[in-house]
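Asker: no FASTA, just this:
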Ligand SMILES: Nc1ncnc2c1ncn2[C@@H]1O[C@H](COP(=O)(O)OP(=O)(O)OP(=O)(O)O)[C@@H](O)[C@H]1O
């Protein structure tokens, strides 16, 4: 489960006389197992900032962000790394490409680092790549030279390879064609069915409606906006 309690965030702009801007105040919500919650709100309301705090990329100024037993808002960096390895997945539309590592290994890696044996990790990786329509002739190549859409689908396959109990989805269906969009929505539904707690940003309203149980408008957490 994911629990956010009274979280605030400000940025200090060091190149602008150390001006401090408050971008979030009093953020709080709960996402239970098997639930998918969509973050909504106008551009600049703080959806990405909240997502980055959930993943531990941005430090919250105050409050608690509990993912299972770990409070991301106060955890040590090594606890965050362990959390990301075992409990908290993050699926964005962008692949951080590692040169010379095959697509199959890129997708199987989250399984191998969590103790799966080589053969079953590869089988799972193959099944996901097939579902996401990555041609088999590409599986042994590094995704470095793949098209944007192919890299996006490799990244999604990697993000869904291991059954994380909590998942963050940042525009996972952006710029996909209808068939692949359907494949991603099916993966999200399966993750919910096995009990994952999911927070997502979906600008595609139809995709959001298809998988989200609830929406949270982050504008309610924007200082000075009611
Ligand atoms: N690194 C940063 N330094 C300073 N201000 C930032 C930083 N990141 C975000 N902000 C500010 O925080 C506010 C929220 O931005 P954020 O990107 O979270 O909005 P968003 O809801 O995701 O918008 P969009 O839908 O356009 O992606 C904005 O006013 C933005 O300028």
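Answerer: Structure received. All figures in this text were calculated on a predicted structure; none of them were measured in a lab.

Asker: Show me the helices in this protein, by range?
Answerer: 47-55, 77-86, 103-112, 118-131, 148-159, 178-193, 205-211 (DSSP state H).

Asker: In TSV, list those helices along with mean pLDDT and mean neighbour count.
Answerer: For glycine as for every other residue, the C-beta is placed from the backbone atoms N, C-alpha and C. Output for the helices of the chain, formatted as TSV (pLDDT from 0 to 100; neighbours: other C-beta atoms under 10 Å):
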stretch	mean pLDDT	mean neighbour count
helix 47-55	95	22
helix 77-86	96	14
helix 103-112	96	22
helix 118-131	97	17
helix 148-159	93	22
helix 178-193	96	17
helix 205-211	95	16
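
Asker: Distance-wise, check residue 6 relative to residue 21.
Answerer: Residue 6 sits 19 Å away from residue 21, taking C-beta to C-beta, to the nearest Å as the criterion.

Asker: Show me which residues of this protein sit near the ligand.
Answerer: Listed as neighbours of the ligand in the chain under the rule C-beta under 6 Å from any ligand atom: 11, 23, 41, 43-49.

Asker: from those, which two are the most distant?
Answerer: Using C-beta to C-beta, the two most remote members of those are 11 and 41, lying 17.6 Å apart.

Asker: Of these two, which one has the most company?
Answerer: Per other C-beta atoms under 10 Å, whichever of residue 11 and residue 41 has more neighbours is residue 41, with 19 against 13.

Asker: For the more buried one, list the residues it contacts.
Answerer: By C-beta atoms under 8 Å, 6 or more residues apart in numbering, the residues touching residue 41 are 47, 217-219, 222.

Asker: of those residues, buried ones?
Answerer: For the contacts of residue 41, a neighbour count by 16 or more other C-beta atoms under 10 Å gives the buried set as 47, 218, 222.

Asker: I figured the last one was touching residue 23, is that so?
Answerer: Yes: at 7.1 Å, residue 222 counts as touching residue 23 under the criterion of C-beta atoms under 8 Å.

Asker: Return every residue with contacts to both of those two.
Answerer: residue 46.

Asker: List the contacts of residue 139.
Answerer: Counting by C-beta under 8 Å, 6+ apart, residue 139 touches 102-104, 126, 129.

Asker: ok, now residue 118?
Answerer: Going by C-beta under 8 Å, 6+ apart, residue 118 touches 108, 112.

Asker: now it: how far from residue 132?
Answerer: According to C-beta to C-beta, residue 118 and residue 132 sit 21 Å apart.

Asker: Tell me how far residue 52 lies from residue 25.
Answerer: Going from residue 52 to residue 25 by C-beta to C-beta gives 17 Å.

Asker: All good on my end, thank you.
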